[in-house]
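Give me coordinates for this.
(4 chains)
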Amino acid sequence: MTILLQAVINGLLIGGVYALAAMGVSLMFGIMKLINFAHGEFIMLGMYIAVVFTGVGIPAGLLGIYWVVIPTMVVTAGVGALFYVALLDRAARFGESPQILLTIGLSIGGIGLAQVVAGSDFKLPPNPVNGASLALGDITFQVGPGIAFLLAVAMAIWMAWMLKRTRFGKNARAVAESRETAEMLGVNAHHVFLVTTTISIALAGLAGALVIPYHYTYPSVGEDFVVMAFLAVVIAGLGNVLGSVLGGLLLGCIQSLTATYFDIDLSTAAIYVLFLAVLLLRPEGLFTAARRTV
Amino acid sequence: MLSIAGLATGYDGVEVIHDVDLAVGAGETICVLGPNGAGKSTMLRAIMRQIPVWRGSVRFLGQEISTRKAYEPAHLGIAYVPEGRGTLASLTVLENLEIGGVPVRDRQRLATNLAHVLALFPALEPRLQHAAGNLSGGQAQMLAIGRALMGSPKLIVLDEPSLGLAPQIVSQVYATLRALKGEGQSILLVEQAVARALELADYAYVLDRGRVATSGTPGAVRDSGALQGSYLGV
Amino acid sequence: MPEPLLALRGVCKSFGAVRSLVDVDLVIAPSSVVGLIGPNGAGKSTLINILTGVYQPDSGSVIFGGKDLVGVSTAQRARLGLVRTFQRPSPIVDLSAIEGVMVGGLVRGLSRTDARAEAQAHLARLGLRAEAERSPRTLPTGRLKLLDFARVLMLRPKLVLLDELMSGLSGGELEIVLDTIDALAAEGIVFLVVEHLMEVIQRLSRSLVVMDAGSVIAHGPPEQVVRDRRVVEAYLGSDALATPC
Amino acid sequence: MRSCAAICAMLAVVAAASFLIQDSYILGVMTVTTFLAIWGQSWNLLSGLSGNVSLGHSVFIAMPAYVTVVLFQTWHVPVLAGALLGIAAAVALAAFIGAATLRLSGPYFALATLSASAVMLSLILHFSDITGGPNGIPIAFTEADWTNLEFDHTRSYLLVGLGLLCVVTIFVAGFRRSRLGFYVAVIKSSEAVARAAGIRIALVKVVIYCMSAALTAAGAVVYVFYLRFLDPGFLAGLTLSVEIALFAVVGGTGFLAGPILGAAFYELIDVVANARFGDVGGWDVMVLGFSVVVIVMTEPRGLCELALRLVRAGGAPARMRSVQREAK
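Here you go, the predicted structure:
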């Protein structure tokens, strides 16, 4: 029983990062109908930026390293805005396949760029979070993933509030449903897309900054998180932002449970089988109510 | 307040509207009639900047708007009630109304507008928190008109507000339009339902195959025979 | 009376709260050109989608050539001889004009040579001989619509649904299409023509079906139907007849 | 057809020229380019002609490679027989994936194929008793014997590869003009139009998926014997899947020579980067990735179109033609 509980806790904590990554992917798909295959490389970028900031200094105390989170998010948000203005804005008229190729090209190119600029070695700034854990009875909580998990939950709550209550959120949902109708009512869709991209990439930066204390930073690290994020997003239902958070946590749990009871490689296969089953049997996703077709 | 001169536009390289002239004065109700395929909706979509204007000018309150972006007419004071109503089904009724209020920055003004809309359409009030996709056709039409009013428009443009509605609902819609007209609202109305539109309008245009076939007072247009000609070919 | 080519009985189709087709009965004889008109939102598009199998009816039956079409796919219907054109031109951009037309013959099992010969004949008939080897990317809308028509004819259809084929054609193209329809109708091909251009409908159709609010409200000879009180009301409103015309 | 003949003639020239080259590094580069081109060409048969971007073509490389080698080493099945079984296995897998992804398009299709490739990798890693897991399986060289696809000179692999590339190119060229090729063009334009024209969309899609897999697999079974090593990270990796798609796009998916030009371009970057920067890796993927970005943003029809423009710009009458074409 303790083993099971520990496995679930570990899974939820691992899933926190998947959830953060999935939120960014899902937000962009939901509003802009675009899958950003380069999202993982934006996480990687966030990690490198955060690692650079740690070079400035790490304050004493267990959580001192987390000062890098805010500046990392600011920089990645700027990169996100640039990403929209320089590429996505113009690519919108090209259609689906070119858009897929554009972000995949950016992804591969980004990995290469990181290798050229930063080299292929694995970086992990020395810090007290790495390996630290809290024990609560028989259960241990890893501090690093735990903080990522808490922030994922906080961001999910913020996102839910933002989409539901704020003016931007309402405008964004209107554009998501029908860009034409929203514009006719006075909503500037370009502005909505710019803000959406900025938030999405800032979330990637957040995810990146949160994992550097306990996860190596290297050029192709994005794949570690983003593949799970894509799967979480599809399993939840493309564009269902809050569902994708649950999807990320669910995948973390599946990974942790199969790794505990079977074999880590099988856990990947198990997740893909779940993914393919959802794609084929319930393409609208597990956490999205089937829409009426009107 | 709206004046269109020599407007031409179309889709996929096919010109649908050829050299149309049309004007709406302040406080006027203008209707544009014509059969399916005459180009009425296409003309409105060009005015609302959803498709490019090929030639000619569209001026609103003295400003040329034919090169503006799609979201700008709403901010200048033209509200559009599209054909098929354009309900944002995944948003609630209240959120739809709030989106309609995007051009208005003043919160006080928004509250006044909301009260005005709910007074016009009391049926919407109990449904404010419901998904707009669950409304009946008549309610959705009321929502679309109400949403247009939320932005304090100077001109309201309606594309076939009677489409697909039961006769008594159409009567209700027209009663509302009459009330708005009474408040001094300028209205540009595109319709297939000739009789009702002519009853409401101050001036009418008949569009046939993308050109203005005739125009005049409702009485003159009704008597000209142009309507029967373009609708039924008799 | 010969067995009808197409018979719809009690066909209903709703989308959520919207009733698009309400209890539609429609019988089309094996030899005719039938016009289908009605105001926007009358249900013409839904009817075409039901006939071609894009939608399944909620209730009612569709019998084509004595065969119940329930569960028959769009592609199968096309091979059975129930074909359609689309409102917007639908060129096959990666193929030349004649190749896009040949497809209809290849589906029937013709060899490429035979399909090409037959496609040549159709293109010649529609005045497209000169454009045969060109890419549809370089052709104007009217020509593209004629190509769509030719592709559909290559399927050796029994019933052709023309969904606004003729809007967007030039005067000359229109004459060619009208003559072709007349000639093919004489050979026994049935056309169901949805069109806004009233004079076209009147010139072609031996009978006219009028829809309004999801129902067939009139079906008969054109000159009779356009004077039908319900038809005039549907188009012009209830008091239009109060004024002399 | 003229471009097909031109390409085959060019490949023949390359084959002849290879006898003048003794440097095994250059021959190796040419061999890798040739096999990449085979895969790019096969990928183009599916994705270029149908418009659906597949990001999972490495499954049709890993599957036949593993089947052939494992059958040969563990069960002593003759290599040629094993290769046929391997190709058959790839086709069966393609039929399954093709049927499963029938209704998917755009990003859904890309994600589903990408994940098929990831499933393949994780299964290979898991069943390490058979596959050697992450360590792979080395293929011991016994003796030069063409029935075992074992040659003692790199040039032999290059020649086999060039022959195969010719066959694949001729196949793709013929396919475009075939009945099925026409159907694929219609489906790419619009599935609604294809249905209305009586085309069995599901059947056509599955069949081209299988064809593309078979051609990919044919290249894979030869290549793995050139490589002499079942390397899961390379053969089943997501990277290979994505690279195939990208260099084919860089070359130009609308052209028969596109994937070949793309493969050559990609290998060229690799060679130049290795020579110039040595141990600092990443230049090749960086240039490849950003080339795709540039091509998508500016010239969606790839290097082939650029080359054609350069050729046309040579003469004034030719320039007139290209201007006219653009105007239309």
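
wait, does stretch C:178-198 contact chain D?
No - judged by C-beta under 8 Å from any C-beta of the partner chain, stretch C:178-198 stays clear of chain D, getting no closer than 14.3 Å. Any C-beta I mention is one placed from the backbone N, CA and C, and that applies to glycine too.

That stretch and chain B in contact?
Yes - using C-beta under 8 Å from any C-beta, we find that stretch C:178-198 touches chain B at C:196-198.

in chain B, which spans are strands?
Counting by DSSP state E, chain B has these strands, from start to end: B:2-11, B:14-24, B:29-33, B:55-60, B:63-64, B:78-81, B:155-159, B:186-191, B:203-208, B:211-216.

on that earlier part again, output the residues of stretch C:178-198 next to chain B in JSON lines, with pLDDT, secondary structure and neighbour count appended to each entry.
JSON lines is the format used below for those (pLDDT from 0 to 100; DSSP: H, G, I helix; E, B strand; the rest coil; neighbours: other C-beta atoms under 10 Å in any protein chain shown):
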{"residue": "C:196", "pLDDT": "76", "secondary structure": "coil", "neighbour count": "16"}
{"residue": "C:197", "pLDDT": "74", "secondary structure": "coil", "neighbour count": "20"}
{"residue": "C:198", "pLDDT": "77", "secondary structure": "helix", "neighbour count": "22"}
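
Now flag whichever of the residues you listed is closest to residue D:157.
Nearest to residue D:157 among these: residue C:196, at 65.6 Å, using C-beta to C-beta.

ok, that closest one touching residue C:163?
No - using C-beta atoms under 8 Å as the test, residue C:196 is too far from residue C:163 to be in contact (11.1 Å).

coming back round to it: looking at the strands of chain B, which one is packed in the most?
strand B:78-81 (a mean of 27; mean count of other C-beta atoms under 10 Å in any protein chain shown).

Looking at residue C:94 now. What's its pLDDT?
At residue C:94, the predicted lDDT confidence score is 89.

quick one: the strands in chain A?
Along chain A, counting by DSSP E, strands occupy A:133-136, A:139-142.

Chain D contacts on the stretch 51-200 of chain A?
So far as C-beta under 8 Å from any C-beta goes, the stretch 51-200 of chain A lies against chain D at A:87, A:90-91, A:94, A:96-98, A:100-102, A:104-116, A:119-120.

Now do the buried residues in the longest helix anywhere in chain C.
Secondary structure assigned by DSSP state H gives helix C:171-186 as the longest helix of chain C. If you call a residue buried by 16 or more other C-beta atoms under 10 Å in any protein chain shown, then helix C:171-186 has these buried ones: C:173-174, C:176-177, C:180-181, C:184-185.

what does that helix contact?
C:31-33, C:125-127, C:142-143, C:145-146, C:149, C:153, C:162, C:165-166, C:169, C:191, C:193, C:200, C:203-204 (C-beta atoms under 8 Å, 6 or more residues apart in numbering or on different chains).

quick one on the thing from earlier: make a markdown table out of the strands of chain B and add mean pLDDT.
Shown next, in a markdown table, are the strands of chain B (pLDDT from 0 to 100):
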| stretch | mean pLDDT |
| --- | --- |
| strand B:2-11 | 91 |
| strand B:14-24 | 90 |
| strand B:29-33 | 94 |
| strand B:55-60 | 94 |
| strand B:63-64 | 93 |
| strand B:78-81 | 94 |
| strand B:155-159 | 95 |
| strand B:186-191 | 94 |
| strand B:203-208 | 92 |
| strand B:211-216 | 90 |
